[in-house]
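Visitor: Here is my input; please provide its structure:
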Amino acid sequence: MEIDKKTSTRNFYSFLWHAGFLAFAKNFMDVDTVIPAMVVEAGGGAIHIGILTAIMLGGSHFTQLFFAPYLSNKSFKKNYLLTAINTRILTLIALGLLLFLLKGEHTGYVLYLVFLFITLFSLAGAFANISYADILGKSVNPDKRKTFFSANQVISGVIVLGAAFLVKKVLVWKTFPDNYAMMFFIGGALLLTASAGFWSIRETVPSTLKVSSLKNFLGILKSEIKRNKKLGYFLGFINTQGIAISFLPFVVLYAKEFFNAQSSETGSFLLFKVTGIVIVSLFVLAGAKRLKYNILLYTNVILSASLGLMALMINDIGGLKFIFLIGGIVYSLYTITMNGMLLEISGNENRALYAGFAGAGNILPAVFPLIGGTLIKLFGFHTFFVLFMCILTIAALFIYKIDCKK
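Guide: Numbering: from 1, shown residues only. So this is what the prediction gives:
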């Protein structure tokens, strides 16, 4: 069912408003550079980075499996989306206050409380993602979706690129923990501004699908995998390619342990990462009508595997910046293709369910950071880099099976 063009256009720009300010906010709470660097400065090591990355990335997505049954029963999901985004805003402000008030000899407490707030922040994000996918799928007509995802990446990338210089200045403006406290205060204010886009969305198409329980939800998942073979391959794709987005936090740890990277280098890593995002987003936007998902998917597997190879070969901190450049490209391509494929293999009535199903595809991405942190602790970084490359190559098999023609 398509909504009228005027409403679709209004919602299209509402989502872009949110995307733009969210991109600005993400600079100040970047999960690949800023937060891992903060944890290391607070006294964290490989195990801490592994746990934190598991919570922020794979783990948060895995919890969608539990949120989806509840949200699927709601005809309209805008209020739940707003509740989740407001929780994230309050959590960022709480993190800022925590870092600002607990200084010096109290930094040990910061490490534990940071994990608590980051967990809440990540869970709220997972809760929001299900409503977001459902509302986006029903509120923007199909012919505008790929354009939205690529335009989203371009606008976000340009904003992030410009704001990265500000982030770098804030990081070196004061010492830990004041610099990170300011980062979270700014991030919370920008996320509040971004939420205005969600307030203006017109959610006109109700959901009629009902799910009685988690058991019922898992039963539906089983039957959907039998009915829709591409769903099973999609989950396999997320379970393998999905680990790529958890790689960069370990590179931050690698840089700090082996090259004594400082706050200024953290800002540079972020700058290179968002440069990669902008490059690939402009490329995809220019070819949105011609580029097939298959081309983007296979390209991303090759680039993702090259991250591990680069990490093995580079022996200076300057070279590590190019890992973040490629990492930005990988992140951008994964975001565009994963979200686009989810919309393509699902329909309006089951989209919230499929967003929850995607959580089942994050089992390996959820545990991989924990495995990675343990491997680094016991055997060193080189073993971790090799395992990373091996898993990534398996993703090509699932892409071949999905064979997305669009």
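
Visitor: Every contact and neighbour count from this point should use C-alpha atoms.
Guide: OK.

Visitor: And Y109, what's its pLDDT?
Guide: Looking at Y109, its pLDDT is 68.

Visitor: Kindly report the same for R290.
Guide: R290 is given a pLDDT of 67.

Visitor: How about L285?
Guide: 65.

Visitor: cool, and I238?
Guide: 87.

Visitor: So what's the residue count around it?
Guide: Residues lying near I238 (other C-alpha atoms under 10 Å) number 24.

Visitor: Double-check it against F357; I have them as touching.
Guide: No. Taking contacts as C-alpha atoms under 8 Å, I238 lies outside contact range of F357: 10.8 Å.

Visitor: average model confidence for whichever helix or strand I323 is part of?
Guide: I323 is part of helix 317-345, with elements assigned from DSSP states H and E. The pLDDT scores in helix 317-345 average 85.

Visitor: Pull out the buried positions in it.
Guide: 317, 320-343, 345 (16 or more other C-alpha atoms under 10 Å).

Visitor: What's the local residue count around the closest residue to F184 other than its chain neighbours?
Guide: Of all residues not flanking F184 in the chain, G96 sits nearest, at 5.0 Å (C-alpha to C-alpha, 6 or more residues apart in numbering). G96 has 24 neighbouring residues, counting by other C-alpha under 10 Å.

Visitor: Just the CA trace of the strand or helix carrying G96, in PDB.
Guide: Using DSSP H and E, G96 sits in helix 78-101. Provided in PDB are the C-alpha atoms of helix 78-101 (Å, rounded to 0.1, in the frame of the first residue of the first chain):
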ATOM      1  CA  LYS A  78       5.600   6.800  16.700                       C
ATOM      2  CA  ASN A  79       5.200   7.200  20.400                       C
ATOM      3  CA  TYR A  80       7.500   4.300  21.100                       C
ATOM      4  CA  LEU A  81      10.100   5.700  18.800                       C
ATOM      5  CA  LEU A  82      10.000   9.000  20.600                       C
ATOM      6  CA  THR A  83      10.200   7.300  24.000                       C
ATOM      7  CA  ALA A  84      13.400   5.500  22.900                       C
ATOM      8  CA  ILE A  85      15.000   8.600  21.500                       C
ATOM      9  CA  ASN A  86      14.300  10.600  24.600                       C
ATOM     10  CA  THR A  87      15.800   7.800  26.700                       C
ATOM     11  CA  ARG A  88      19.000   8.100  24.700                       C
ATOM     12  CA  ILE A  89      19.100  11.900  25.100                       C
ATOM     13  CA  LEU A  90      18.800  11.600  28.900                       C
ATOM     14  CA  THR A  91      21.500   8.900  29.000                       C
ATOM     15  CA  LEU A  92      24.000  11.000  27.100                       C
ATOM     16  CA  ILE A  93      23.400  13.900  29.600                       C
ATOM     17  CA  ALA A  94      23.800  11.500  32.500                       C
ATOM     18  CA  LEU A  95      27.100  10.300  31.000                       C
ATOM     19  CA  GLY A  96      28.300  13.900  30.700                       C
ATOM     20  CA  LEU A  97      27.400  14.600  34.300                       C
ATOM     21  CA  LEU A  98      29.100  11.400  35.500                       C
ATOM     22  CA  LEU A  99      32.400  12.300  33.800                       C
ATOM     23  CA  PHE A 100      32.200  15.900  34.900                       C
ATOM     24  CA  LEU A 101      31.600  15.100  38.500                       C
END
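
Visitor: And that helix, how far out from the chain middle?
Guide: Relative to its parent chain, helix 78-101 has a centroid offset of 17 Å by C-alpha atoms, centre = their mean, to the nearest Å.
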